[in-house]
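Novice: turn this into a model:
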Amino acid sequence: MQNQQHTPQATVVLKDGLTPLATWSHDFDQRPTIGEILTLPAAVQARLEGYSPEAAVTRIELRTSPKPDRIELEADCRTPKEKRPVVVLNSDRIRDSLHESAEAHLRKTLRFPLVSWEHSPHPDPVVRFHDPVTNHKTCPPEVRAGLIELLYPEMEIGAPV
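Specialist: The predicted structure follows:
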């Protein structure tokens, strides 16, 4: 009997920097290696306009438990990093359970933002913002309003007093 190396199903996470863009399960015939370029599934490609249909493997977590291995890929955005808005969010003001929702809001309101998190005593959910295309250094009102609505859903932003 020939010993074939078959890798069980793995969880694949496509990221843009630290932000997960898509997650899916995949059954690999052979485990990929760091740096290997993989073609994204058609369903993922269809949802990610502006990104390359291929991505590089950046991290592999092998699991000994019944949980599947985790494979991370780095998305290749067609917009150069120097032309993408940079948003630093305040991890002291936005609780961990809302990080994914906050990043999703940014992706809906800004074009291909580069998002990072920082601890800050500043009361605002946005620590820093810079759009190199428009050279704006203040966060657009619709972005800030959406984050505040996420943090305080009971408030009605813009409602008459």
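
Novice: in the sheet, who's paired with the residue most central in space within the chain?
Specialist: Nearest to the mean C-alpha position of the chain, by CA atoms, centre = their mean, lies residue 19 at 2.1 Å. Residue 19 has these beta-bridge partners by DSSP bridges: residue 16.

Novice: show me the contacts for it.
Specialist: Going by CB atoms under 8 Å, 6 or more residues apart in numbering, residue 19 touches 103, 107, 115. Yep, even glycine has a C-beta here, placed from its N, CA and C like the rest.

Novice: kindly report the same for residue 112.
Specialist: 16, 50, 77, 79, 84, 85.

Novice: one more time with 6 Å, if that's ok
Specialist: Contacts for residue 112 were tallied using CB atoms under 6 Å, 6 or more residues apart in numbering; they are 77, 79, 84.

Novice: confirm residue 102 sits in a strand?
Specialist: No: going by DSSP: H, G, I helix; E, B strand; the rest coil, the assignment for residue 102 is helix, not a strand.

Novice: what sits closest to it if chain neighbours are left out?
Specialist: residue 94 (5.3 Å; CB to CB, 6 or more residues apart in numbering).

Novice: counting neighbours, what do you get for that neighbour?
Specialist: 19 (other CB atoms under 10 Å).

Novice: quick check: it touching residue 125?
Specialist: Yes: in this structure residue 94 lies within contact range of residue 125 using CB atoms under 6 Å: 5.4 Å.

Novice: just to revisit the earlier point, of the contacts of residue 112, which is the most crowded?
Specialist: residue 84 (21 neighbours).

Novice: separation between that residue and residue 20?
Specialist: When distance is defined by CB to CB, to the nearest Å, residue 84 is 17 Å away from residue 20.
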